[in-house]
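K.L.:
Need a 3D model of the sequence below.
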Amino acid sequence: MEKGKHWLRPFIGSFRYKLILTSIACLLVPTLITLSVSNVLTRDAVQEQAEKNAQEQLKLIEGYLTGLFDNMLNISNYIIADPDMNVILKEQAAGKEYTGENAEYREFADRYEITSKIDNISIIGERTYVTILLPNGRFFINYLLHEYDPRLLFEEPWFPDLEGLTGMAAYWVEAEPSPYLYEKAAGRQQISVARTLRRPNQRVYAYVVVTVPDNQIESIFERLGTGHEVMLVDGENRVMSHLDAGRIGERLTYLSDEPEESSIVELDGERYLVAQHAAGIKDWKLVLLTPYKDAVHQINHIFQTVFAFQVIAFTVFLIVLVLLIRAFTKPLVSLGKLALTVERGNLEVRSRMKGRDEIGRLGRQFDQMLDRIKQMIAEITEEQSRKRKAELRMLQAQINPHFLFNVLNSIRMKVLRKGDKESAEMLSSLSRLLRMTIDRDEETITLHEEVSTAIDYVNLMNMRQKESVTLSVAISSEAMLAQVPRFFLQPVIENALIHGFQQRSGTILVSAEVEGKTLRIAVRDDGTGMRPAAVTHLRNRLKREELPTGEGDHRSGFSGIGLTNVNERMRIRFGDAFEMHIDSEEGSGTTVTMFVPF
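P.N.:
Got it, this is the predicted structure:
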């Protein structure tokens with residue numbers, strides 16, 4: 001018995017094994033039940049009911065839309081049937097002239113008779129534009145003339161078609177951009193109906209045009225609510241009215257020729273229920289476009305019982321799953337919080353986990369890793385400290401004895417010849433330079449001290465040169481107090497003296513300023529400069545961070561440590577935050593720019 005338990009122990013104590021068994025038990029059972037029940041039921045009834053509901057919605061919209069179109073026809077019918085208006089219209093069409101006493105009043109009375117009536121019949125509800133246009137160009141309107149000149153109707157491409165109207169026939173004008181000033185400013189479309197008034201001899205004496213902007217149709221579409229697209233399309237399946245003005249004019253290729261038909265189409269990777277219904281005008285149709293999943297969701301009462309059972313079953317299993325996984329993963333959560341604490345820089349925390357499963361072993365390994373990291377950080381810190389001290393000692397030991405001999409010999413010769421103040425100053429510069437090199441152990445000094453050392457160095461070098469080099473300094477007061485590594489300027493200036501001027505006179509400009517969190521230091525000379533190939537070679541050498549080999553580097557210089565050594569030293573101290581740029585043109589000098597974290 002004990003032997004059997006020993007064989008099962010790795011599986012029973014495994015966190016993964018517990019989690020897998022629990023997940024399978026809590027997810028597989030309700031999934032199998034759901035699939036079994038769903039396979040028994042049919043979904044054909046769902047689609048049929050969705051199509052029926054869509055047709056009912058379209059019939060409701062068609063009712064509102066029919067009311068709007070009937071109102072337009074009723075306005076035109078009222079004008080056609082009103083005898084008083086027709087008498088005036090016939091007289092006006094015949095060219096009646098108002099003369100004699102009270103001519104202006106009688107003309108005003110006739111115009112007022114017509115305009116007041118068309119105002120009264122169109123004042124109820126949304127704004128409707130009514131135009132009575134006579135063949136001789138006279139007109140009566142219920143809007144201001146500056147909004148639209150009704151005589152422009154003669155120029156409409158559909159206007160000649162009105163001559164073919166007889167009796168009570170009406171001509172419906174499909175959607176077109178509205179020319180009325182207010183509606184045009186809003187970017188709206190319009191739909192119009194036109195009628196003709198004829199004499200017994202069938203001659204037209206007046207045209208009646210009733211126009212409504214498409215925002216009235218859109219307000220009907222909005223009653224359906226969100227989640228649906230409703231549109232009015234013409235006989236060629238082009239959109240005449242839509243809540244999205246950008247869709248107007250679009251041709252719907254997926255519509256069928258049958259006005260009362262529903263279908264399922266796929267648009268942009270999603271299935272839609274498309275329902276069509278005759279609009280009652282010409283061959284216009286109403287189209288309802290609904291995401292199929294939404295249409296099914298609205299009528300999913302067939303599956304309510306099954307759904308309720310699924311919810312209950314999944315809820316129970318989910319609660320059990322959450323409780324078990326919460327218990328099993330509690331140590332893992334604690335380990336995650338511990339990792340977050342370590343990420344913030346605290347390496348003293350430990351998990352102290354003692355379990356025998358995977359999480360317990362992970363906790364112990366995590367603790368061991370922290371111990372090792374802490375030990376490695378201490379070793380690296382000590383190594384870097386020793387490296388910086390050794391580097392500084394190496395730099396201090398790099399003084400070229402031959403150079404010191406030449407300098408001292410030159411000073412001696414000048415003292416013998418003159419005994420003037422200049423020689424005393426040179427001795428003072430040499431003394432300060434040696435003191436800065438040998439007697440100080442600090443790794444960093446102020447930029448002011450570093451520049452002073454560079455000035456002393458140039459003074460001493462000028463004594464050996466045939467022609468003197470001028471060192472100019474342009475450093476901001478803030479930059480003067482910045483802490484910088486010792487002797488990082490001297491090798492750069494030495495490089496300019498030896499390679500840039502070659503015993504000739506010139507000027508070296510040292511400038512420095514603080515730019516945000518960066519100290520920008522530039523050393524520029526007006527010497528011979530370098531060829532492009534030499535500049536590229538030097539830049540590549542800096543990128544590879546090659547150190548001097550020691551062969552051929554001690555050329556009449558103070559230390560013989562070149563730009564690569566300066567670059568290496570600065571990167572050791574500041575990392576990738578330090579940058580050195582070399583710019584040079586042959587015959588125009590060289591500029592070395594250093595960007596030091598401030």
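
K.L.:
Against which helices or strands is whatever helix or strand Ala512 lives in packed?
P.N.:
Taking DSSP states H and E as the criterion, Ala512 maps to strand 506-515. Strand 506-515 is packed against helix 447-464, strand 469-475, helix 477-480, strand 518-525, with contacts defined by 3 or more C-beta pairs under 8 Å, 6 or more residues apart in numbering; DSSP states H and E. C-beta: built from backbone N, CA, C; applies to glycine.

K.L.:
can you do 6 Å?
P.N.:
strand 469-475, helix 477-480, strand 518-525 (3 or more C-beta pairs under 6 Å, 6 or more residues apart in numbering; DSSP states H and E).

K.L.:
quick one, which of these is nearest to Lys337?
P.N.:
Closest to Lys337 of the helices and strands packed on strand 506-515 is strand 518-525 (C-beta to C-beta; 37.4 Å).

K.L.:
Partner strands of that closest one, with direction?
P.N.:
Strand pairing for strand 518-525, determined by DSSP bridges: strand 506-515 (antiparallel), strand 589-597 (antiparallel).

K.L.:
so how far is the first one off the chain centroid?
P.N.:
Pointing back at strand 506-515 there. Taking C-alpha atoms, centre = their mean, to the nearest Å, one finds strand 506-515 lying 42 Å from the centre of the chain it belongs to.

K.L.:
Could you confirm Ser334 falls within a strand?
P.N.:
No - counting by DSSP: H, G, I helix; E, B strand; the rest coil, Ser334 is not part of a strand but helix.

K.L.:
how close does it get to Lys387?
P.N.:
Note on Ser334: its distance to Lys387, by C-beta to C-beta, to the nearest Å, is 40 Å.

K.L.:
got it, and Val265?
P.N.:
73 Å.

K.L.:
If you count surrounding residues, which of these two has more?
P.N.:
When Val265 and Lys387 are compared for neighbours, Val265 comes out ahead with 15 against 11, by other C-beta atoms under 10 Å.

K.L.:
what about that one, which SS state?
P.N.:
Following three-state DSSP, we place Val265 in the strand state.

K.L.:
pLDDT below threshold where in the stretch 151-300 of the chain?
P.N.:
294-300 (pLDDT under 70).

K.L.:
mind listing the helices in it by residue range?
P.N.:
181-185, 215-222, 292-298 (DSSP state H, counting those that start in this stretch).

K.L.:
looking at those, which is buried most?
P.N.:
For the helices of the stretch 151-300 of the chain, the largest average neighbour count (mean count of other C-beta atoms under 10 Å) is found in helix 215-222, namely a mean of 19.

K.L.:
which residues of the stretch 351-500 of the chain fall in helices?
P.N.:
Assigned by DSSP H, counting those that start in this stretch, the stretch 351-500 of the chain shows helices spanning 358-396, 401-417, 421-438, 447-464, 477-480, 490-495.

K.L.:
who's in contact with Leu347?
P.N.:
Residues near Leu347 by C-beta atoms under 6 Å, 6 or more residues apart in numbering: 370, 374.

K.L.:
do you know which of the helices of the stretch 151-300 of the chain lies nearest Ile88?
P.N.:
helix 181-185 (27.7 Å).

K.L.:
Show residues contacting the closest one.
P.N.:
The contact list for helix 181-185 (C-beta under 6 Å, 6+ apart) reads 147, 178, 213.

K.L.:
JSON lines for those residues, including neighbour count and distance to Leu338?
P.N.:
Output for those, formatted as JSON lines (neighbours: other C-beta atoms under 10 Å; distance: C-beta to C-beta, whole Å):
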{"residue": "Glu147", "neighbour count": "15", "distance to Leu338": "76"}
{"residue": "Ser178", "neighbour count": "24", "distance to Leu338": "70"}
{"residue": "Pro213", "neighbour count": "21", "distance to Leu338": "68"}
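
K.L.:
Serialize those residues to a markdown table and add fields for distance to Gln365.
P.N.:
What follows is the contacts of helix 181-185, written out as a markdown table (distance: C-beta to C-beta, whole Å):
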| residue | distance to Gln365 |
| --- | --- |
| Glu147 | 83 |
| Ser178 | 76 |
| Pro213 | 75 |
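
K.L.:
Which of those fall in strands?
P.N.:
Pro213 (DSSP state E).

K.L.:
re the thing from before, would you tell me which one of the helices and strands packed on strand 506-515 is buried the most?
P.N.:
Highest mean neighbour count among these (mean count of other C-beta under 10 Å): strand 518-525, a mean of 20.

K.L.:
Give the next helix or strand downstream of that one.
P.N.:
Counting by DSSP H and E, what follows strand 518-525 is helix 532-544.

K.L.:
Against which helices or strands is that next one packed?
P.N.:
Against helix 532-544 (3+ C-beta pairs under 6 Å, 6+ apart) you get strand 579-585.

K.L.:
ok, and what's touching the strand it packs on?
P.N.:
Against strand 579-585 from outside (C-beta under 6 Å, 6+ apart): 529-530, 535, 538-539, 542, 567, 590-595.

K.L.:
Tell me the strands beside that strand, with direction?
P.N.:
strand 589-597 (antiparallel).

K.L.:
average model confidence for the strand it pairs with?
P.N.:
Regarding strand 589-597, the rounded mean pLDDT is 93.

K.L.:
Closest to Lys52 out of the contacts of helix 181-185?
P.N.:
Among these, and counting by C-beta to C-beta, the member closest to Lys52 is Pro213, at 32.9 Å.

K.L.:
Please report the distance of that closest one from Lys184.
P.N.:
10 Å.

K.L.:
Quick check: neighbours shared by these two?
P.N.:
Common neighbours of Pro213 and Lys184 (C-beta under 6 Å, 6+ apart) are Ser178.
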